[in-house]
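Asks: predicted structure and sequence below. I'll ask about it afterward.
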Amino acid sequence: MGQLFEYIKISFKSILDNKMRSVLTMFGIIVGISSVIMVVSLGNGVKATISGQMNSMFSGQTYLKNGTAFEQYPEAVMNRDDVDAIREKIDHVYMCAMDDAYWMSVKCHNTEKNATITPTNDDYWKAAPEGFLSGRFFSKDEYEDAKNVCVINEVGAKQLFGHTGVVGQTITIIWDTGKEDDYRIVGVREKKESQLYSLMGGEEIEISIPYTAFSNSLGLSVNDDEFNSILLIPDDPNQAKKVIKDSIRLLEARKGIRGEKKITYTEFNSQMDQFNKIINYVTIFISFIAAISLVVGGVGVMNIMLVSVTERTQEIGIRKALGAKISSIMIQFLAESAVLTVFGGILGILFGYLGAELLCFIASQFVKMKVVASISPFVVLGVVAFSAIIGMFFGIYPAKKAAKLSPIEALRQE
């Protein structure tokens, strides 16, 4: 062990005697490691930010759908009775509601704007974790009695009225048929504290009304109403698969299409898993490209060590003449290359962290969300170990060359 420390001490002396050359040699290692650290930190930070905000808005949500985005089936169209059947007959259902939305004009006093109208049931409020700024969601009685009441979001209240104290006020919905109906506001949904939500259209006017009142406004009977998706949330994440499976079976049985796979579903948690996998793959791929510079840095280490062998030929000859073993000469040069790469690795980690913080700050300003640099200590240790291995690997050839020098030939060199 003492001999190893002696080799390391000699390595430090050699590095300090050639400061500029040593710094330039480590440059490739520093760039490679800092690049990997920055990419992984930024990737983890972006993934954590988006996942956290998406989970806060949509965690546990599942959409039961008529067909797919490319094909729908008349026999798989859903109605309000289907929603009621799921609520009554399927266990572990926390929330179940129709979720089709319509782009309509609404007006208030002298202000007229476009808004997203969502006809739904009294369960729909459970899918809005942000809560209410004032008022409430419409009740089950108001839904069953088809009352002309509505819930508006905070953005919509400000755009239509100029303020949020609008509970009890009336807005007019202008349907495509030209008919106009007044709806009394019973609640104002608080704005989601999420920039991601704003980027996804959260600055639009959103109004929820009882589906029954919507049907009355358009003159639809229970047999005439139809929509293509149902929003479903289980009360227990562990029961999600069973709830989805049982709900689809129930709908298929009600419509006589059992086993035809005409009713599909999209589960938010599965979508997020896919998103996280894509981010991980992209991060790994970019990190792999960045790590190529480590190999380039290793070639630089080998080149400088070959120069060092040439410069220290006489020193090597004297040591061999005094009885130094081949293994001792090799270990000395391997130690020197390892010290160069380990120090380069440490500096690379430092610059990588600083660079990651800067990149995350820039990303935060760009997407208007707080992105925090994040990296596992195991990744850091792995990168340092990899840099040391690179140094050892590319130091083998110069070390062998030094060890195989003939003492007589070495002593002849000037």
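Replies: Cool, the structure landed.
Asks: next one: residue 285 from residue 40, what distance?
Replies: 12 Å (C-beta to C-beta, to the nearest Å). To be clear about C-beta, it is placed using only N, CA and C from the backbone, and glycine gets the same treatment.
Asks: what ranges do the strands span in the stretch 151-300 of the chain?
Replies: 170-174, 180-189, 206-210, 229-234, 263-267 (DSSP state E, counting those that start in this stretch).
Asks: may I see those strands arranged in TSV, with distance to residue 281 and mean neighbour count as well?
Replies: Output for the strands of the stretch 151-300 of the chain, formatted as TSV (distance: least, C-beta to C-beta, whole Å; neighbours: other C-beta atoms under 10 Å):
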stretch	distance to residue 281	mean neighbour count
strand 170-174	46	18
strand 180-189	37	19
strand 206-210	35	24
strand 229-234	29	22
strand 263-267	21	17
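Asks: quick one, which of the ones you listed is nearest to residue 248?
Replies: Judged by C-beta to C-beta, the one of the strands of the stretch 151-300 of the chain that comes nearest to residue 248 is strand 263-267, at 5.2 Å.
Asks: relative to strand 229-234, how tilted is that closest one?
Replies: 50 degrees (axes from the mean of the first three to the mean of the last three C-alpha atoms, to 10 degrees).
Asks: list of residues touching strand 263-267?
Replies: Residues from elsewhere that reach strand 263-267, judged by C-beta atoms under 8 Å, 6 or more residues apart in numbering: 61-68, 76, 240, 244, 248, 251-252, 255, 257.
Asks: name whatever forms a beta bridge with residue 153.
Replies: Note on residue 153: beta-bridge partners by DSSP bridges are residue 189.
Asks: check contacts around it.
Replies: 188, 189, 191, 205, 206, 207 are the contacts of residue 153 under C-beta under 8 Å, 6+ apart.
Asks: which strands and helices sit next to the helix or strand residue 343 falls within?
Replies: Using DSSP states H and E, residue 343 falls within helix 326-367. Using 3 or more C-beta pairs under 8 Å, 6 or more residues apart in numbering; DSSP states H and E, the elements in contact with helix 326-367 are helix 2-17, helix 19-58, helix 268-311, helix 313-321, helix 377-403.
Asks: helix 326-367 and the second one, what's the angle between them?
Replies: Just to be clear, that refers to helix 19-58. Using the same axes, to 10 degrees: helix 19-58 against helix 326-367 is 40 degrees.
Asks: residues of helix 19-58 that come out buried?
Replies: By neighbour count on 16 or more other C-beta atoms under 10 Å, the buried set for helix 19-58 is 22, 25-51, 53-54, 57-58.
Asks: which strands and helices sit next to it?
Replies: On a contact count with 3+ C-beta pairs under 8 Å, 6+ apart, helix 19-58 meets helix 195-197, helix 268-311, helix 326-367, helix 377-403.
Asks: what about the shortest one, average pLDDT?
Replies: For helix 195-197, mean pLDDT is 52.
Asks: what do you get for the second one?
Replies: Helix 268-311 shows an average pLDDT of 72 in the prediction.
Asks: repeat that for stretch 69-76.
Replies: For stretch 69-76, the per-residue pLDDT averages 86.
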